[in-house]
Structures are given as structure tokens and as C-alpha cells.
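>>> heads up, no residue letters with this:
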């Protein structure tokens, strides 16, 4: 027997944990930065020696620790190895996604409730094409929103993204081939399929009301990106939720999500963003 309410309750717990963990992580990073050193982002255009990325992490010279000693690079968030950050992201996303996957099996939730079924599996190529097109469109929209936020002075913190930006070819392969696919699949499974598809199917809840609630949680879960980041990510989540409801396909939104993230990393790393009109030192 399908236990819809039990799975919806489990989803609520998982979403809450994701939001709480994101908040705790940001507080820890903020506390460590304020106690030991300030890590900020500087447009690479200010440093002619840097050409590979639009943003570079820099540390104020001569900054000392509260005890009077020099700052330890190992203690700084910016000095954490990129691969270690990748592992942290993959494990965190994987654990939350796996919990819901196990819950779906235990509570006998059909695949169709998640937007996965014979019909969607038989239309993989169209779903991939639609996902890629939507992802590029959503990336353009998010970049325009960020540029607007910068123009009016609303904080958009790209520090975490800078920390995750690869510095070697191997790290780029890991990012595009492992980390971003897992992030896209896990977040869409949690915030769209489990939070919208299942309660709409099993409990006859309004998918649009669920889309609003899940998108708010999705935005708050990205609080590390600042106020503007929460707003932009929330709107992005609402757009993805709308696509999910309209198409009934989990694959489409996973692909779109992946394209948005991959394009952001690639464009920011090459410094060829054709949309961003301002560069702000953070």
C-alpha cells in the first residue's frame, strides 16, 4: 500500500534539514572569516596577471589573527582544497537524495509520481533538448537579475562559487562530470519531484501552491549567496517548478538545472559574460 502522507512528511523533514544545514554552514564560514581573515572577491580586471577567471580570491595583506600571529592559510575557507569541497557537496547532496529514494521504496511511491515513467523514458532526446534550451534561457534570466541587483546595491555573494571554481583540468572534469550532475539531480528530486509531484499526485494538493512553498525553501537553502542570491534562486526554483508541472518530466528540469549551473561556472571562469554589466568587489 502506498503511504503518501508518510513520504510527504519525510520530504518535509529532509527539506527542513537542507535549509538548516545551509544556514549553519554559512554561519560557520562567516564566523571563521571574521575571526581569522577576510576573504573577498576581486574582479580579475584589476589584476592584469590574472586572466583565467572573472573573480579571484584575495586576502588583505598584513591581516593578523586575534592573537597577534599571522593568519594560517589552512584555517581559511578560501584555502580548503577544491576537491575536498567537491566531496562535501557530493556527500551532502547524496545523503539527502538517498534518504528520499529509500523512503520512496519503503512507502511504495510509484515512479510516475516523481515525473519518471515509460512516457518520459521514451522521450529522452526531446527532454534533453528542451532542458538544454530552458537551462540557457534561465541562465540568461538569472544573470540579468544579478546584474540588476548589483546595480541597485543589493548583496549577491559569489564567495562560495569562487571557492568551488576549479583550478586544474581534473577538477573541471569532476565538476562537470560528477558534482554538478549530482547537485542538479538531487535538488530537483527533492524540491520538485518529492516536494511537488508526490503530494500533488497522492494527496491531491495544488501543485502551484506546492511550487511556491518549495521555491521559497529552495531560495533560503542558497542563503550563502546573499539577499539577492536568495531572491534570484527562489525565482529560478519557481521557474523550474513551473516547467516541472507543465511537462511532468523530472529529466527536463534536471537537465535545465545542470545547464544553468554549468554555464555560470564556465562563463565566470573565462570572464566572457556578455550579460553582466557591473563588477563589484566583494
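Perfect, I can see it now. The shown structure was predicted, so the numbers you read here are calculated from the model rather than taken from an experiment.
>>> all contacts plus neighbour counts: C-alpha atoms, from now on.
Noted.
>>> how much space is there between residue 214 and residue 224?
Distance, residue 214 to residue 224, using Cα to Cα, to the nearest Å: 18 Å.
>>> helices or strands up against the host helix or strand of residue 8?
Per DSSP states H and E, residue 8 falls inside helix 4-36. Secondary structure elements in contact with helix 4-36, counted by 3 or more Cα pairs under 8 Å, 6 or more residues apart in numbering; DSSP states H and E, are helix 82-106, helix 198-202, helix 207-220.
>>> how about a cut-off of 7 Å?
For helix 4-36, the packing partners by 3 or more Cα pairs under 7 Å, 6 or more residues apart in numbering; DSSP states H and E come out as helix 82-106.
>>> residues in contact with the residue lying closest to residue 217 once chain neighbours are set aside?
Computed as Cα to Cα, 6 or more residues apart in numbering, the closest residue to residue 217 that is not its neighbour in sequence is residue 19, at 6.9 Å. If you count contacts by Cα atoms under 7 Å, 6 or more residues apart in numbering, residue 19 has them with 217, 220-221.
>>> With distance to residue 97, pLDDT and neighbour count added, can I get the residues you listed in CSV?
Shown next, in CSV, are the contacts of residue 19 (distance: Cα to Cα, whole Å; pLDDT from 0 to 100; neighbours: other Cα atoms under 10 Å):
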residue, distance to residue 97, pLDDT, neighbour count
217, 16, 95, 20
220, 18, 91, 23
221, 15, 89, 22
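>>> which one of those sits closest to residue 204?
Among those, residue 217 lies closest to residue 204 (Cα to Cα), at 20.9 Å.
>>> Wait, residue 8 touches residue 197, no?
No - between residue 8 and residue 197 there is no contact under Cα atoms under 7 Å: 10.2 Å.
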